[in-house]
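Student: A predicted structure for the sequence below; I have some questions about it.
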Amino acid sequence: MNLLTDPLFRVVTPDGQTTMSLPALLAALGRDKVESLPGLKRHQEDAFLVFLSQLGAGILARTGESKPAHDEKFWRDSIREVTGRKDDLAWTLVVEDVSKPAFMQAPLASGITLEEKATTPDELDILVTAKNHDLKMTRISPSNLEDWVYSLISLQTTTCYLGSGNYGVVRMKGQQDARPVVEFRSSDRLGKLWIRNVNVLIGMRHSLLAPPWKFKERGIFFVWLEKWDFKTPISLEKLDPFFIEIARAYRLIGNNGSILAKGTTTKGARIDALNPTLKDKRFRYMGDPWIPIDRQDGCALKVSESGFTPEFVCEILGVRRDKDGGEIYKRPEMMSSIGLESGPAWLYASSLARIKQAKTRGFHSIRIRIPSPLKKSLFGSAKDRDGIAAISDAGLHNAEAMWGKVLRPALLTFLKGGPTPKENTNKKGAQKKSGGKAKDTLSDWLKEAEQRFKLEWGSEDKFYDWLWNSVAEEKDAAIKRWAETLKEIAENIFENSIKRLPSRTGRQMRSVVRAESVFKGSLYNNFPMLRKETTDAGNP
């Protein structure tokens, strides 16, 4: 169970599937010989790649090397050297003596009572969910060592605050949020991604060691080596810029040939969460190269349960501006360091979404293609993106108007049975009766229709394809083409909704007629370019 010597990881290579130790895996990544990691679950992929990238960059920085390609012996010897111990306990998955370190598990104060936290790896990994809808818990055999490694890394590097004594990591906006990953990619191969990440980290190290940052050259790198008394946090001034953190006082314990996780609550977070470089010390930015930062308040990006909507993605890309015309987020290094070389490129982002009590509202991810002709503007300065931002703002505004001013009023008219303005204002008794549960039902139906509308227009083959292609068009022509697309989507949803939504039986025909009238009238009032086309078509 020693990660430095035992082949715990299943790895698919060009020659087939094999098993590797951690140093062997790093060596294979440096040679771009890794096709996939079969044991790695989708929601764990980014946490594990971040861990490997920080590990590789930190080891290279300590050894004075700059290139990621090295053999297995180099990685094993270098990790041991940087760890600074005569044994490999810090890289062993299960160490019964809790006063000594184990992999991603800090030495704990003597006399502490540990409580059972998980009997399977996925139970350890998955945080509180609203309806256990993302992944089914407790389904993995507790004896699978590879699964324990992945789950432990996912927990210790992405977990959030979960009640008193259960603190989260510092690399995110707030304790009840999640740690996002946002980057430009030119490849989906693990080896190429890892090599690029390591190079970017090495390139930014010097800036993180300069003011106003408080990181320390040759500071604490493996946080789990430090003994934990459950109350004294580690200050930023003691940390290496690439520190690999842990958030929970957990230990893996042998259990009759199997493994279970035990742990205890703590009186404070493992790392001091206050960042003296920010005016508002409640929020942290740890120089993480994967996290965009809000320019207004200095906060790390947070993903809501709506996920990566087109509006949100455009803000991250810098093609949706604030009221003063400025970019909303400062790009992380992983969005700023991709070259303009030929070939494909994508915006990639992922994050869990969390609400109150840190309940999970889904794992969200996107992979948006970036056309080669737009690389210079999208990867360049803010000024280079002004043209795309103008057309993007118009496209998003039109989508919002198509729902709020056209489709929603029409559907609401139908759901209310086609009432006239007079009926709305005079029949107070009827209005009162329509409240409560009926009102909630109307809201639910409208919300469902809105979600379907957003899914339709916000897809990559609709909005993003239109946005990328519109750059080469005259602006008015591009906006008209987008309005036509929105009209087609809205018409389809309206027609399907008329068939599905409840209505008052005695007023069915009037409901349909008036809803159609509202739809058409609102459409041409808010999108005059479409009305002109209809007029021209009727007058040859």
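Tutor: In hand now; what should we look at?

Student: only C-alpha atoms from now on, for both contacts and neighbour counts.
Tutor: Fine.

Student: quick one: low-confidence parts of the protein?
Tutor: Low-confidence segments of the chain, defined by pLDDT under 70: 126-143, 160-168, 172-177, 273-285, 337-342, 353-361, 418-440, 501-508, 532-540.

Student: hmm, Gly307 and Gly458 touching each other?
Tutor: No: using Cα atoms under 8 Å, Gly458 is not in contact with Gly307; the gap is 11.8 Å.

Student: for the residue nearest to the spatial centre of the chain, what are phi and psi?
Tutor: Central residue of the chain (Cα atoms, centre = their mean): Ser351, 2.1 Å from the mean position. For Ser351, the backbone dihedrals (degrees, to the nearest 10) come out as phi -180, psi 150.

Student: quick one: contacts for the nearest residue to it once chain neighbours are set aside?
Tutor: Leaving out its chain neighbours, the residue that sits closest to Ser351 by Cα to Cα, 6 or more residues apart in numbering is Pro180, at 4.6 Å. With Cα atoms under 8 Å, 6 or more residues apart in numbering as the criterion, the residues that contact Pro180 are Met172, Trp290, Ile291, Leu301, Lys302, Val303, Ala349, Ser350, Ser351, Leu352.

Student: now the fourth one: how far from Thr18?
Tutor: This points to Leu301. Distance of Leu301 to Thr18, given as Cα to Cα, to the nearest Å: 38 Å.

Student: the second one now?
Tutor: With the distance defined as Cα to Cα, Trp290 ends up 31 Å from Thr18.

Student: what do you get for Ile388?
Tutor: Per Cα to Cα, Ile388 is found 47 Å from Thr18.

Student: so the two - more neighbours on which side?
Tutor: The neighbour comparison of Ile388 against Thr18 (other Cα atoms under 10 Å) goes to Ile388, with 21 against 11.

Student: touching, that one and Arg321? I think so.
Tutor: No: the pair Ile388 and Arg321 fails to qualify as a contact (Cα under 8 Å) at a distance of 10.7 Å.

Student: tell me the SS of the spatially closest residue to Val94 that is not a sequence neighbour?
Tutor: Nearest non-adjacent residue to Val94, counting by Cα to Cα, 6+ apart: Leu252, 5.5 Å away. The three-state label given to Leu252 by DSSP: H, G, I helix; E, B strand; the rest coil is strand.

Student: beta-bridge partners for Leu252, please?
Tutor: Beta-bridge pairing of Leu252 under DSSP bridges involves Ala261.

Student: quick check: it vs Met104, distance?
Tutor: Computed as Cα to Cα, the Leu252 to Met104 distance reads 10 Å.

Student: more neighbours: which of the two?
Tutor: Remark: of Leu252 and Met104, Met104 carries more neighbours, 29 against 25, as counted by other Cα under 10 Å.

Student: and that one, how close does it get to Arg248?
Tutor: Taken as Cα to Cα, the span from Met104 to Arg248 is 9 Å.

Student: quick check: neighbours shared by the two?
Tutor: With contacts taken as Cα under 8 Å, 6+ apart, Met104 and Arg248 have Gln156 as neighbours in common.

Student: helices or strands next to the helix or strand in which Phe494 is found in the packing?
Tutor: For Phe494, the host element (DSSP states H and E) is helix 475-500. With contacts taken as 3 or more Cα pairs under 8 Å, 6 or more residues apart in numbering; DSSP states H and E, helix 475-500 sits against helix 386-401, helix 408-415, helix 437-457, helix 465-470, helix 528-538.

Student: list the contacts of the helix or strand following that helix.
Tutor: The helix or strand immediately downstream of helix 475-500 is helix 508-526, counting by DSSP H and E. Helix 508-526 has contacts (Cα under 8 Å, 6+ apart) with 401-402, 405-407, 409-419, 487, 498, 503, 530-531.

Student: quick one: helix 508-526 to helix 408-415, angle?
Tutor: Orientation note: helix 508-526 sits at an angle of 170 degrees relative to helix 408-415 (axes from the mean of the first three to the mean of the last three Cα atoms, to 10 degrees).
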